[in-house]
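Chemist: Take a look and give me a structure for this.
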Amino acid sequence: MDTIRTFTADSEPALWAQVAADMARQPDLFDYRADLIQPPYRVRLELDIDLGGGFEGGYELTTLRAVVPGQPALRFALHEQDWVHEIGKLLGLEDVELGYAELDQTFIISTNDPNTLRRLLADPAVHQTLMRHPAARFTLAPDSDAADAPLLLTFHLERAVVEPERLRELYGMLLRMLQQLAPIISA
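Modeler: Prediction:
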């Protein structure tokens, strides 16, 4: 499916009323894409579900991403703390601790600016959202190695989150991050 739905609203409740109604009308959410716009912010929601078949296993993916305007200097990655990454830490992989016990214990955290990331993640609602998805990858990084590559804020999970209220929670986390990274400047 190549259809990308577009929903625009001035408030999060109005936006999610549209998204939830659209999702309820879909016979399945195997390949669902939507741009969620609360001007000036735009978040792309992607659900990819493949049930597999025969000898093939299936997969489930949930991704929310947004281009961060203004190219802030901060870069970060939070990802699952598993045995592979534990070995990586023994071999010198950098893992910073931010002073948030739950996050520090649950995720491998890398950043070029621990103090800025600590402030960015200070909201307890962000902690709660991240802790519901300990296998997620949450990053702020360029889209490619090109010098002019857009900076993307991305939440990626290898599990389908199809409940509108859970997706709204993830969207809300990304929106709060965007608002801090690229605040609206009034004229």
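Chemist: Go ahead and flag the most central residue of the chain.
Modeler: Phe155 (1.9 Å; Cα atoms, centre = their mean).
Chemist: Which pLDDT does the model give that one?
Modeler: With respect to pLDDT, Phe155 has a value of 97.
Chemist: Can you give the distance from the helix or strand where it lies to the centre of its chain?
Modeler: In this structure, Phe155 sits in strand 151-157 according to DSSP states H and E. Offset of strand 151-157 from its chain centre (Cα atoms, centre = their mean, to the nearest Å): 4 Å.
Chemist: what comes up buried for it?
Modeler: Residues of strand 151-157 classed as buried: 151-157 (neighbour count, 16 or more other Cβ atoms under 10 Å). Where C-beta positions appear, they are placed from N, C-alpha and C, glycine not excepted.
Chemist: residue contacts, the residue nearest to the centre of the chain?
Modeler: Phe155 sits next to 62-65, 133, 136-138, 170, 173-174 when contact means Cβ atoms under 8 Å, 6 or more residues apart in numbering.
Chemist: Can you tell me the closest non-neighbouring residue to it?
Modeler: Excluding its sequence neighbours, the residue lying closest to Phe155 (Cβ to Cβ, 6 or more residues apart in numbering) is Leu64, at 4.7 Å.
Chemist: I'd guessed the one you found sits against Leu47; true?
Modeler: No - in this structure Leu64 lies outside contact range of Leu47 using Cβ atoms under 8 Å: 10.0 Å.
Chemist: mind listing the strands for the chain?
Modeler: 5-8, 31-38, 41-50, 59-67, 76-80, 107-111, 137-142, 151-157 (DSSP state E).
Chemist: Please convert those strands to TSV, extending it with distance to Arg118.
Modeler: Output for the strands of the chain, formatted as TSV (distance: least, Cβ to Cβ, whole Å):
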stretch	distance to Arg118
strand 5-8	33
strand 31-38	26
strand 41-50	23
strand 59-67	21
strand 76-80	10
strand 107-111	9
strand 137-142	14
strand 151-157	17
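Chemist: Can you say which of those strands is nearest to Gln179?
Modeler: Among the strands of the chain, strand 41-50 comes nearest to Gln179, with 7.4 Å by Cβ to Cβ.
Chemist: Could you export that closest one as PDB, CA atoms only?
Modeler: C-alpha atoms of strand 41-50 as PDB (Å, rounded to 0.1, in the frame of the first residue of the first chain):
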ATOM      1  CA  TYR A  41       5.300  19.700  13.600                       C
ATOM      2  CA  ARG A  42       4.800  16.600  11.300                       C
ATOM      3  CA  VAL A  43       5.200  13.100  12.600                       C
ATOM      4  CA  ARG A  44       5.100  10.100  10.200                       C
ATOM      5  CA  LEU A  45       3.500   7.000  11.700                       C
ATOM      6  CA  GLU A  46       4.200   3.600  10.000                       C
ATOM      7  CA  LEU A  47       2.900   0.200  10.900                       C
ATOM      8  CA  ASP A  48       4.200  -2.800   9.000                       C
ATOM      9  CA  ILE A  49       2.800  -6.200   9.800                       C
ATOM     10  CA  ASP A  50       3.700  -9.400   7.800                       C
END
